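Visitor: model this:
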Amino acid sequence: MHWNFEAVNAFLALLAVAVNFTFAAMVILRSSRSRVYNTFTLVCVSLIVWNFGDFMVYASGHDLWPKAGMGSPTAWKYYSSSGSTMAVAFLFHFICAIGKNIEKNTGWILTVYIGALFLAVSSPLALYSERIAVFVDGYSWNILFVIFLVPFVIAGLTILVRHMIQAPTREERSRWWFTLVAILITVVTGLTDLLQKFQVPIPPLGHLGSVVGPSFLAFGVFKHRDFFDVLTRTRRKLEAINEIAAGIAHEIRNPLTAIKGAVRLQELKTRDGNWEEAHRYQGIIIDEINRLDGILAGFMDFTKPIHLEKTKIHVGDLLRRTLEMASLEPDMIQLNVTETGNIPECEIDPSLMRQVFINIIQNSLDACGSSGQLNIAVEWTPPRARIVFTDNGPGFNSQELGRVMEPFFTTKKSGMGLGLAICRRIVSAHGGKFEIGNDLQGGAIVAVSLEAAPHTADQ
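Guide: Numbering: from 1, shown residues only. Sure, this is the predicted structure:
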């Protein structure tokens with residue numbers, strides 16, 4: 001067999017089939033059935049059809065196997081074109097899914113599917129109609145591909161860039177970066193095959209991109225497997241449940257031990273007729289029962305479903321009312337509240353979000369003491385309003401920072417360690433983001449990001 005670029009490209013296409021098949025199988029076996037994973041599986045399938053079709057164009061034209069049942073190079077070329085066309089539609093749908101923009105872009109998603117289906121169906125129909133074959137083999141089909149589908153490729157990449165820039169944490173930016181680069185490689189190399197059809201003197205690199213792009217994304221998924229791998233996430237949830245059970249047992253054991261000892265001592269004092277001491281132990285029993293009630297109430301707050309009663313409100317106004325309700329004494333902590341940008345309304349549950357703010361402020365009070373300083377900044381970083389709490393306390397060491405939002409983990413001498421875990425649940429229920437870190441100037445920083453109400457975000 002004469003080894004040339006055409007042969008190398010054909011076997012790169014076969015390698016791309018294997019890579020995308022493997023990745024699609026991993027997604028099916030180790031992920032949830034959400035739209036993100038379903039649409040990505042369809043992207044892989046379309047790339048498999050495209051690459052296998054191009055490989056068979058070469059194979060059937062060069063007698064790699066017996067021709068019986070193999071089909072003609074022309075037929076495989078048409079099937080290949082269908083795969084590359086649907087890849088664009090699935091890719092745009094996938095990008096909207098990972099960016100959680102499905103509802104907002106439903107019309108555009110339907111539009112790209114209509115255009116892609118028209119081109120994908122017309123390609124194999126060329127086998128049965130000479131007029132359609134002239135349309136597909138000429139420039140018309142490729143021009144329509146450029147007009148209908150390339151703008152959606154550009155729009156999808158723009159969405160990815162915007163999400164990467166707006167990502168609030170380094171880890172999330174890293175996830176978006178891997179996705180962006182992988183899709184950029186796949187798209188740019190795929191466009192070289194399209195340019196070849198317009199007689200542009202450029203080597204076709206689409207099949208190489210179909211190997212490198214998904215492989216790069218696979219590396220990114222492996223790097224962030226705790227986020228992507230549903231089995232890993234399930235194991236983490238089971239580990240969290242075990243920690244919660246251990247935490248409850250630990251929290252309940254202490255008051256029960258105190259009650260048991262107080263009951264025994266109360267009985268002894270009652271026998272001796274020492275009613276004053278017996279009454280004191282009775283008070284201890286009541287206090288410990290109240291403590292148990294508080295533990296169970298906190299646990300119920302953490303486990304019960306969050307029911308949101310949303311209303312449109314400016315988070316700056318809600319924050320100011322929260323500070324008034326908190327009744328902070330002037331000498332307890334120095335408060336500085338700033339608001340930057342024309343911040344629109346957010347659609348939130350004021351009562352629950354007030355609970356989040358109070359909990360964060362109380363944690364800063366506990367950490368900083370009477371000489372503390374708490375800066376609160378309300379910022380507009382489209383499409384989110386961001387409330388940033390920065391104190392001058394001791395902050396967190398690396399071990400604490402990794403566990404501070406875990407249930408029952410606390411750096412305080414007292415407390416259950418459920419406050420921040422509940423805050424994160426409340427913010428997540430709103431579709432927002434709750435982040436904790438250390439300020440570069442020292443102290444802790446807590447950020448709450450909430451999406452603006454749809455009609456106000458566009459103003």
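Visitor: can you list the weak-confidence ranges in the stretch 151-300 of the chain?
Guide: For the stretch 151-300 of the chain, the stretches flagged by pLDDT under 70 are 168-169, 225-248, 250-251, 295, 298-300.
Visitor: What average pLDDT does the host helix or strand of Gln373 get?
Guide: Gln373 is located in strand 372-381, with elements delineated by DSSP states H and E. Strand 372-381 carries an average pLDDT of 85.
Visitor: The next helix or strand after that strand: partners in the sheet, and parallel or antiparallel?
Guide: For strand 372-381, the succeeding helix or strand toward the C-terminus, using DSSP H and E, is strand 384-391. Within its sheet, and counting by DSSP bridges, strand 384-391 is paired with strand 372-381 (antiparallel), strand 444-451 (antiparallel).
Visitor: most neighbours per residue, which of those?
Guide: Mean neighbours per residue, mean count of other C-beta atoms under 10 Å, is largest over the strands paired with strand 384-391 for strand 444-451, with a mean of 22. Using the backbone N, CA and C atoms, a C-beta is placed for each residue, glycine as well.
Visitor: Relative to Gly402, which of the strands paired with strand 384-391 is closest?
Guide: For Gly402, the closest of the strands paired with strand 384-391 is strand 444-451, at 14.1 Å, according to C-beta to C-beta.
Visitor: How far off centre is the closest one?
Guide: In terms of C-alpha atoms, centre = their mean, to the nearest Å, the centre of strand 444-451 is found 16 Å from the chain centre.
Visitor: what's it in contact with?
Guide: 168, 315, 346, 348, 353, 356-357, 360, 363-364, 367, 381, 383-391, 393, 395-396, 427, 430-439, 457 (C-beta atoms under 8 Å, 6 or more residues apart in numbering).
Visitor: Give me the mean pLDDT for that strand.
Guide: In this model, strand 444-451 has a mean pLDDT of 90.
Visitor: Burial check on the closest residue to Thr311 other than its chain neighbours, number of neighbours?
Guide: Of all residues not flanking Thr311 in the chain, Pro350 sits nearest, at 6.4 Å (C-beta to C-beta, 6 or more residues apart in numbering). Using other C-beta atoms under 10 Å, Pro350 has 16 neighbouring residues.
Visitor: next one: Gln196
Guide: For Gln196, the count of nearby residues is 16 (other C-beta under 10 Å).
Visitor: Surely it forms part of a helix?
Guide: Yes: the assignment for Gln196 by DSSP: H, G, I helix; E, B strand; the rest coil puts it in a helix.
Visitor: surely it meets Gly190?
Guide: No: at 11.1 Å, Gln196 does not count as touching Gly190 under the criterion of C-beta atoms under 8 Å.
Visitor: Val43 and Leu15, how far apart?
Guide: From Val43 over to Leu15 the distance is 17 Å, taken as C-beta to C-beta, to the nearest Å.
Visitor: quick one: secondary structure of Gly437?
Guide: Gly437 falls in the strand class when you classify it by three-state DSSP.
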